[in-house]
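# Here is a sequence with its predicted model. Questions after.
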Protein chains: 2
Amino acid sequence: MSPEPRLLEQGAALEIQLSGRALRFHALWLRDNAPDEATRSPANGQRLITLLDIPQDTRIAEASWRDGALALRFEPEGKSVAFDPDWLRAHAYDLPAPPAAGWTGAEIRRWKATTAAEVAVERYDEIRSDRAALRRWLGAVRSHGFARLTGVPIEPGAVCEVASLFGYVRETNYGRAFDVRAEVNPSNLAYTNIGLQAHTDNPYRDPAPGLQLLACLRNNVAGGGSIIVDGFKVAQRLQAETPRGFALLSGYCARFDYSGASGVRLRSKRPLIELGPDGELIAVRFNNRSAAPFIDIPYDDMDDYYNAYRRMAELIEDPALSFRFQLAPGDLFIVDNLRVLHARDPFTGGGERWLQGCYADKDGLLSTLTALEEEA
Amino acid sequence: MSPEPRLLEQGAALEIQLSGRALRFHALWLRDNAPDEATRSPANGQRLITLLDIPQDTRIAEASWRDGALALRFEPEGKSVAFDPDWLRAHAYDLPAPPAAGWTGAEIRRWKATTAAEVAVERYDEIRSDRAALRRWLGAVRSHGFARLTGVPIEPGAVCEVASLFGYVRETNYGRAFDVRAEVNPSNLAYTNIGLQAHTDNPYRDPAPGLQLLACLRNNVAGGGSIIVDGFKVAQRLQAETPRGFALLSGYCARFDYSGASGVRLRSKRPLIELGPDGELIAVRFNNRSAAPFIDIPYDDMDDYYNAYRRMAELIEDPALSFRFQLAPGDLFIVDNLRVLHARDPFTGGGERWLQGCYADKDGLLSTLTALEEEA
């Protein structure tokens, strides 16, 4: 067994050895996260007490390894609790600082043209009936920010059925599902036959939809190819080339708006590259059509900001970073809409191109994926 | 008329006088935001060009006031565009830096117990039929983060009808609408008769729902009062008392999770107090039941972090900051769920307390409100 725990600061903290590493934990933190039935509901895992129920002067009065668990007694409550060492290892916070800004979690795989093909194409009937196939498919969305599907029923509404395999459709002013096809008086440029620069959808919405699904119902035009680009890869390239440009695009907010239809006046203020407070890269937004005037960058930084914005646009158009494919009826793709940009080639000819799309949120997808992984 | 515009840096920028203030704009910024029909679709306002369509060496070759507008010629495109001075004033960015972290937009009114009553209670039939009443009601949600309604039909689903007056229900694993009443085997502590500490809903979701609506269908228990607290006011108080505590709660992520039901494994990592990159206060999250172990705070800061967390909890329970009311059948309240916390007193007795709730997103509400304001 490990060496005995060592109390620090009169029991306000302790140090234990786990897998040869010294890890410190605070008494208050341990008490707040105690796994006993009076602290956490055994039925639903929710915490039954508030921080104010825990004495501020909580101390560890006794600590020892007992039956493979860390046994603690907290005073002044006189409360004894045992902690699983695996749980402690998984929740250790006495760790090196996170890396420099722009890092991503271990599950994220940034990709470029040559590695996008790693992502397998699944079949609709398989992900419906085979939980391992669904797990693979959702796993690709988590790791690569996109995934493809074939054999989707060629009928309106099928795109929402796909979303319901992992979560819930986010309804918007465009409806539950929306049709993407050339229209005579389009309320949105997507509903024309012009090419669309790679973009994330609806950055003028806050929260922007975390996922977009697009299913192909008809496609016999010339052109109209689909292109996707990993915005996290673009951000990484940009940061490598110009750390200051990356700092500007992540340090100031951009603005987006959309007023295409009556009664709709959507506006947002969010950075093109969004970092968490610890520097984790959490979102990329990019959309030339709905970019509003950027008014949150000071005059003295605007020149460099625009240079970085231009460089970002160039990287987004770099063929080495983009993956191109054709959608046939029954094909569908899904993108992490806060990461992966999608584009469309212009199209011509007498034919018809009809896609149907819907939005969903990523929390539902990740929840379903985690539950599938626990089953496996 | 104003003095003539002055070109700066060989036309890479210019300076104009507007309402006695000197404002500088860059040539590239002006060109990117040109209002002409080749740059912006007259039909839907979307930008028709990308930044890469604009020469990087864009310069202003000529600038003058003409017929009350700022007339510019851009080279090398040789493109002439006129800008409305009111538009330029509204989109000026040559401005003083934003205030210190924790500021909010001009439309936000932080409130405490004595000022919460400012918010009028509207009637359902009026906000349905009278656009001015709807504007007032939605305006309260924007300014105060909450609003109340009476006369809502006492029937399941009515809460979703209210949401449809301004936007779209966000469906989740709890359904489109969910019932809040005491259950025998609750999947969530909300479905019991215990008191609930003031909290924001579903912080374990990302994005967390921006709005929560709760309608009362039945209430004849003893207790069960509703309490709301302005999290933005709490954040302000905390910052005034302990700038370091505020910096810690906004500078490190907390974590939340929920696994109450089978197949649901929701997790998030977001700060308790969220700031934009420019220090704007944009969200507060607080929920003792679903707070997961916080593992993103370094050991050396954890003690002070927990002290600030405790102080935040104390402020949330301060009667001087909370507003208490009773819900009768037909009453409804809505909160900005990323700002205003809600709580429930415990209840007892043989009676029944049945609320029905739903979630929605704030972008739809703000869009509808802005459109109503443009009409007025």
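Cool, got the structure. Numbers count the residues shown, from 1 in each chain, chains lettered A, B, ... in the order given.
# buried ones in stretch A:329-347?
Along stretch A:329-347, these residues count as buried under the neighbour rule (16 or more other CB atoms under 10 Å in any protein chain shown): A:330-345, A:347. The way it works is simple: take the backbone N, C-alpha and C, and place the C-beta from them, glycine included.
# Sorry, slip of the keys, the one I care about is stretch A:348-361.
Here stretch A:348-361 shows A:353, A:354, A:355, A:356, A:357, A:358, A:359, A:360, A:361 as buried, counting by 16+ other CB under 10 Å.
# Just name the lowest-scoring one in the residues you listed, pLDDT-wise.
In terms of pLDDT, the lowest of those is residue A:353, showing 91.
# For that one, what are phi and psi?
With angles defined as degrees, to the nearest 10, residue A:353 sits at phi -130, psi 120.
# Over to residue A:324?
Dihedral angles (degrees, to the nearest 10) for residue A:324: phi -110, psi 140.
# Check what pLDDT it gets.
Looking at residue A:324, its pLDDT reads 95.
# Tell me, how many residues neighbour it?
Close neighbours of residue A:324, defined as other CB atoms under 10 Å in any protein chain shown, add up to 13.
# which residues touch it?
A:225, A:226, A:227 (CB atoms under 8 Å, 6 or more residues apart in numbering or on different chains).
# just these: which has the poorest pLDDT?
Lowest pLDDT of the contacts of residue A:324: residue A:225, 92.
# if I look at the nearest residue to that residue once chain neighbours are set aside, how far off is chain B?
Spatially, and ignoring its direct neighbours in sequence, residue A:225 is nearest to residue A:345 (4.3 Å; CB to CB, 6 or more residues apart in numbering or on different chains). Separation of residue A:345 from chain B (CB to the nearest CB, to the nearest Å): 15 Å.
# Test my guess that residue A:345 contacts residue A:221.
No. Taking CB atoms under 8 Å as the definition, residue A:345 is not a contact partner of residue A:221, at 9.8 Å.
# List the residues that are in contact with both of those two.
Common neighbours of residue A:345 and residue A:221 (CB under 8 Å, 6+ apart) do not exist.
# Which strands and helices lie in contact with the helix or strand hosting residue A:61?
Assessed by DSSP states H and E, residue A:61 sits inside strand A:59-66. Packing partners of strand A:59-66 (3 or more CB pairs under 8 Å, 6 or more residues apart in numbering or on different chains; DSSP states H and E): strand A:13-18, helix A:27-32, strand A:69-75.
# Residue A:248: neighbour count?
Residue A:248, neighbours per other CB under 10 Å, totals 22.
# sorry, back to before: go through the helices and strands packed on strand A:59-66 and pick out the most buried.
Burial of the helices and strands packed on strand A:59-66 is given as mean neighbour count (mean count of other CB atoms under 10 Å in any protein chain shown); helix A:27-32 ranks first at a mean of 24.
# and that one, what other elements does it pack with?
Helix A:27-32 sits against strand A:59-66, strand A:69-75, strand A:79-83, helix B:299-316, with contacts defined as 3+ CB pairs under 8 Å, 6+ apart.
# before we move on, back to that, adding secondary structure and distance to residue A:272, write the buried residues of stretch A:348-361 out as CSV.
Shown next, in CSV, are the buried residues of stretch A:348-361 (DSSP: H, G, I helix; E, B strand; the rest coil; distance: CB to CB, whole Å):
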residue, secondary structure, distance to residue A:272
A:353, strand, 29
A:354, strand, 31
A:355, strand, 26
A:356, strand, 29
A:357, strand, 23
A:358, strand, 25
A:359, strand, 20
A:360, strand, 23
A:361, coil, 21
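# picking up where we left off before, filter the contacts of residue A:324 to the buried ones?
Those of the contacts of residue A:324 that meet the buried threshold are A:226, A:227, by 16+ other CB under 10 Å.
# residues in contact with residue A:331?
Shown in contact with residue A:331 (CB under 8 Å, 6+ apart): A:148, A:149, A:150, A:152, A:215, A:216.
# Reformat the helices and strands packed on strand A:59-66 as CSV; add mean pLDDT.
Below are those laid out as CSV (pLDDT from 0 to 100):
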stretch, mean pLDDT
strand A:13-18, 97
helix A:27-32, 98
strand A:69-75, 98
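# Which of these sits closest to residue B:272?
Closest to residue B:272 of the helices and strands packed on strand A:59-66, according to CB to CB: helix A:27-32, at 13.8 Å.
# what's next to that closest one, contact-wise?
Contact with helix A:27-32 is made by A:11-14, A:51, A:54, A:56, A:58-60, A:72, A:74, A:77, A:79, A:81, A:83, A:93, B:293-294, B:302-303, B:306, as judged by CB under 8 Å, 6+ apart.
# re the thing from before, which ones, among the buried residues of stretch A:348-361, also lie beside chain B?
Checked against chain B using CB under 8 Å from any CB of the partner chain, the buried residues of stretch A:348-361 yield the following neighbours: residue A:361.
# and residue A:176, how many residues sit next to it?
Number of residues near residue A:176 (other CB under 10 Å) recorded here: 16.
# just to revisit the earlier point, list the buried ones in the strand holding residue A:61?
Buried residues in strand A:59-66, counted by 16+ other CB under 10 Å: A:59, A:60, A:61, A:63, A:65.
# Nearest to residue A:98 among those residues?
Comparing the buried residues of strand A:59-66 against residue A:98 with CB to CB picks out residue A:60 as the nearest, at 27.7 Å.
# ok, now which ones touch the closest residue in space to the closest one that isn't next to it in sequence?
Excluding the flanking residues, the one nearest residue A:60 by CB to CB, 6+ apart is residue A:11, at 4.3 Å. The contact partners of residue A:11, by CB under 8 Å, 6+ apart, come to A:27, A:59, A:60, A:61, A:75.
# what helix or strand is residue A:166 on?
Residue A:166 belongs to no helix or strand, assigned by DSSP H and E.
# check contacts around it.
So residue A:166 contacts A:134, A:138, A:360, A:364, A:365, A:368, A:369 (CB under 8 Å, 6+ apart).
# Which of the residues you listed fall in strands?
residue A:360 (DSSP state E).
# Check the contacts of residue A:166 for burial and list the buried ones.
For the contacts of residue A:166, buried by 16+ other CB under 10 Å: A:134, A:138, A:360, A:364, A:365, A:368, A:369.
# Sort out which one of those residues lies nearest residue B:241 for me.
If you rank the buried ones among the contacts of residue A:166 by distance to residue B:241 using CB to CB, residue A:364 comes first, at 38.4 Å.
# so what's the closest residue to residue A:36 other than its chain neighbours bridging to?
Using CB to CB, 6+ apart and skipping the chain neighbours, the partner closest in space to residue A:36 is residue A:81 (5.3 Å). Beta bridges link residue A:81 to residue A:72, judged by DSSP bridges.
# Go ahead and confirm residue A:110 touches residue A:116.
No. Under the criterion of CB under 8 Å, residue A:110 is not in contact with residue A:116, lying 10.6 Å apart.
# What residues does the stretch 101-250 of chain A have near chain B?
Counting by CB under 8 Å from any CB, the residues of the stretch 101-250 of chain A lying close to chain B are A:168-173, A:185-189, A:197, A:204-207, A:210, A:250.
# Pull out the buried residues from the residues you listed.
Among those, those scoring as buried are A:168-173, A:186-189, A:197, A:204-207, A:210, A:250 (criterion: 16+ other CB under 10 Å).
# Among these, which are located in helices?
residue A:250 (DSSP state H).
# Inside strands: which ones of the buried ones among the residues of the stretch 101-250 of chain A next to chain B?
A:169, A:170, A:197.
# quick one: the second one from residue A:287, how far?
Per CB to CB, to the nearest Å, residue A:170 is found 17 Å from residue A:287.
# before we move on, back to that, which residues does the residue nearest to residue A:225 contact?
Neighbouring residues of residue A:345 by CB under 8 Å, 6+ apart: A:195, A:223, A:224, A:225, A:226, A:227.
# mind checking pLDDT for it?
Looking at residue A:345, its pLDDT reads 90.
# which phi and psi does it have?
According to degrees, to the nearest 10, the main-chain angles of residue A:345 amount to phi -70, psi 150.
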